[in-house]
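J.: Quick one, fold the following:
(one chain, ligands or ions: 1)
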Amino acid sequence: MSPDQKTASDRNAAAPEPKRNMGRPVPRYDARLKVTGEARYPADEPLNNVAHGVLVTSDIARGRLTRLDLSEAQAIPGVIEILTHENADGLHRLEFGNGTATSISPLTDTRIWHDGQIVALVLADSFEAAREAAYRVKAEYEAEKPSAGFGAPGTETVLAKDAVKSHKEDPAAGDLEAALRSSPVTIDVEYSTPTQHHNPIELFSTTCFWTGDRLTVYEPSQFVYGFRENVAKQLGIDPEKVRVVSRFIGGAFGSKGPMTPRTGIVALASRRIGRPVRCVVSRAQCFTTATYRAETRHHIRMGATPDGKITGFGHEGWEITSRPDSYVVAGTDTTARLYGYGAVWTRVNMVKADRNTPGYMRSPPETPYVFALESAMDELAVALKMDPVELRRINDTMTEPIGGKPYTSRSLMECYDAAAEAFGWSKRDPAVGAMRDGDWLIGWGCATAVYPTNMGAGAARVRLTADGTARVQTAAHEIGTGAYTVIGQMAAERLGVPVEAVVVELGDTELPPAPVAGGSNTTATVCSTVLTACDAIRGKLFHAAASAKDGPFAGRDPATLDLRDGGVTAGGDAGGPTEKLADVFGRMGTGAIEEYAEWMPEGVPPDSLRKLYNGSSTLKGGSKGDKMMYAFGAEFVEVRINARTREIRVPRIVGTFAAGRIMNTRTARSQLMGGMIWGISSALHEKTEIDRRAARYVNKNISEYLVPVNADIEQLEVILVPEEDKAVNPAGVKGLGELGNVGTAAAIAAAVYHATGKRIRDLPIRIDDLISA
Ligand code: MOS
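T.: Predicted coordinates:
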């Protein structure tokens, strides 16, 4: 064991000591609720007389439903009703893309677009009866030959820029072909990444009931306002009559961001039978009734001078999507700008197949596209006989090469240096296979982590009471990241009360709207909004304190006052006068001050707030504005590959990350750690297998869909690198929930090459890849 390994476990404490511009590792607001099982996830909401719904899904991928025989199913005792396309009256079709996962609208017609499409919903008094009946629904189809994915006959390839509003242009600069022709060192390589499914522990579920013409939906949702709008559309009712509640979410990763048509189907069923309905989707059905990460392909070309200056970068990507919907991630927006390349040329293609519509999955664009770029960077470093860290340093830039826009802050090389130091990189022998330890071939590799700083318009209500307690209300979402905790910390800090005195309410359309919990924007957006509300409260208090002739602050400039330790203070640390909140409120003759604040990041359209109330959120940040806003990191891994069996282990991984202000070192570390574990998973474990003849997923369960377990993760170290960035937003926060899993797979692929000399360009990397010649 090297000295680095010995100290890693000490540094791995769950509550890292805050450094500059970092908040305390306050324990999670909801920790006790969660470990005692008291936290109510949407399907846990107790309801009287609830009927249970079970979905019936198609077992063909393309064609038409010709007949449904329900007689056997209806004969099961306890069955109440079976909803099909023949009786789902009043179900409207959904459009794709405004907070909806797909335009494929089951039960509105007989067309089958993909394997596992919903064809019926069985309702019964018990879950068991509903499931039994669902098995006995007999569906007949007129099947057509499906196209499963890349390379299958019958797919259609479309340029993303022609079909997708969010990707109107493929980033490019200069003349790539000329740059490559004149570059002494070039590489020209292809990569691929597989289909992946989110598999949150909490299954997808919809629980709902009607009170007259008013609908309440309990569903794990990353965007309750969006769900409200879209379920109302699907049912043709007024969104004002719908309430969506999602107080806790047991993992989402993007899969619970856009609404799927299941929600309206369950709501319609509940209205039809006049009873509350709970529908929890089976694990297998989760693979086809929600979204997934589509498989991608990449063609990368790079040129460089012998001293390592990159002269040109070309990145063409292909992504699978469904027949009717143009879902695309287009990670070239990030890869085209990551380094100071000379010329850049990019293009993104969509390949339409007979599959369900893919969707967001943790760092949707960066995970596959940065895998390709960072793998190519390692290949280029090898071609140049250069240290891969130095190659990044030489091409580091504060100005992106497409539009010449400056980064607001960029601590990439600080992260590399901190990670290299902690990992012991200087001891690396760069020769392939040179670091063998007995039967184990050792490889060391590294890669960049990068994620855009996104923000959206938001609203929040904050109340400060005379007794020094506070309440924060906003319809943001706790998807496991620590949202309750960091939002409470921000209010406590600005109001000068202990964090324990702050109640935080989230996840309910009865609260002021907040954006989708996507693009890692929640902490930046909501903390900025809550800060705005708190500052309004401070303003009122300070004005009252300064204008009270008999008070200790009479005649002072309100701008010099502060809220601390449950009171108003003047003179900062110098120890001026103080007054308890109760006294200030008492003199004001008021019991509480409540402020409703709206906040918008710079550069979003002026109607963003208005649209937010109507369930649509526009995120800004990353490369979208006048300035580049990104969080960065560096990940270093050691792999050990058994020389005889080719078993692949990752005994050690170090990740360093800089993301502006860190609100809470505990929750930040937890997110980054989870991300790195997912990165290892992407590199070595995860892949949804497709039967190419039938276009059906084969391993629709979590025994055959591999994810890492504790034994797969040995030493994992997260190091938070201090960074200050006042330009990104008032809170100074860059989101980091989707930062940790970017780059990991490339670092592992680089380490596998270093150990074995085999460059694996198709994920996941498996033992088989290292056995074959
Ligand atoms: Mo995240 S994939 O943006 O929910």
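J.: where does the residue of the chain positioned farthest from its centre land in three-state SS?
T.: Going by C-alpha atoms, centre = their mean, the residue of the chain most distant from its centre is D550, 53.1 Å out. Of the three states, D550 takes coil under DSSP: H, G, I helix; E, B strand; the rest coil.
J.: before we move on, what about T207?
T.: What three-state DSSP gives for T207 is strand.
J.: was I right about it contacting P220?
T.: No. T207 is beyond contact range of P220, at 10.1 Å (criterion: C-beta atoms under 8 Å). From N, CA and C alone the C-beta is placed, and that goes for glycine too.
J.: list residues touching both of these two?
T.: Taking C-beta atoms under 8 Å, 6 or more residues apart in numbering as the criterion, T207 and P220 both touch P42.
J.: Check the gap between the closest residue to T469 other than its chain neighbours and A470 for me.
T.: Excluding the flanking residues, the one nearest T469 by C-beta to C-beta, 6 or more residues apart in numbering is A501, at 4.7 Å. Noted for A501: a distance of 6 Å to A470, by C-beta to C-beta, to the nearest Å.
J.: who are the neighbours in contact with the residue nearest to T469?
T.: A501 touches 468-470, 492, counting by C-beta under 8 Å, 6+ apart.
J.: okay, now the nearest residue to G116 once chain neighbours are set aside: neighbour count?
T.: Leaving aside its chain neighbours, G116 sits nearest to T288 (2.4 Å; criterion: C-beta to C-beta, 6+ apart). Number of residues near T288 (other C-beta atoms under 10 Å) recorded here: 24.
J.: Helix or strand: which one has T288?
T.: helix 283-289 (DSSP states H and E).
J.: what's that helix in contact with?
T.: 55, 57, 114-118, 197, 199, 203-204, 260, 262, 281, 356, 688, 697, 700-702.
J.: at 10 Å what do you get?
T.: 54-58, 61, 101-102, 106, 114-118, 195, 197-200, 203-204, 255, 260-262, 281-282, 292, 355-356, 688, 696-703, 705 (C-beta atoms under 10 Å, 6 or more residues apart in numbering).
J.: Please spell out which residues along the helix or strand following that helix are buried.
T.: Sequence-wise, the next helix or strand downstream of helix 283-289 (DSSP H and E) is strand 296-304. With burial defined by 16 or more other C-beta atoms under 10 Å, the residues of strand 296-304 counted as buried are 296-298, 300-304.
J.: Find the nearest non-adjacent residue to the residue in the chain that the ligand sits nearest to, please.
T.: Nearest residue of the chain to the ligand, counting by C-beta to the nearest ligand atom: G254, 2.7 Å away. Nearest residue to G254, sequence neighbours excluded (C-beta to C-beta, 6+ apart): Y360, at 3.1 Å.
J.: Then K309?
T.: Excluding its sequence neighbours, the residue lying closest to K309 (C-beta to C-beta, 6+ apart) is I394, at 6.0 Å.
J.: Could you pull out the helices in the stretch 401-550 of the chain for me?
T.: Along the stretch 401-550 of the chain, the segments classed as helices by DSSP state H, counting those that start in this stretch run 412-423, 483-495, 522-547.
J.: Check the residue nearest the centre of the chain and give its pLDDT.
T.: Note on the chain: the residue nearest the mean C-alpha position is R362, at 3.8 Å, using C-alpha atoms, centre = their mean. At R362, the pLDDT value in this model is 98.
J.: likewise G551?
T.: On the pLDDT scale, G551 gets 88.
J.: so it touches G567, yeah?
T.: No. Judged on C-beta atoms under 10 Å, G551 makes no contact with G567 at a distance of 11.9 Å.
J.: if I look at these two, which residues touch both of them?
T.: 545, 577, 579, 583-584.
J.: now those residues as a markdown table including neighbour count, distance to the ligand and pLDDT?
T.: Formatted as a markdown table, the shared contacts of G551 and G567 follow (neighbours: other C-beta atoms under 10 Å; distance: C-beta to the nearest ligand atom, whole Å; pLDDT from 0 to 100):
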| residue | neighbour count | distance to the ligand | pLDDT |
| --- | --- | --- | --- |
| A545 | 25 | 43 | 92 |
| P577 | 16 | 48 | 90 |
| E579 | 20 | 45 | 94 |
| D583 | 17 | 46 | 93 |
| V584 | 23 | 42 | 93 |
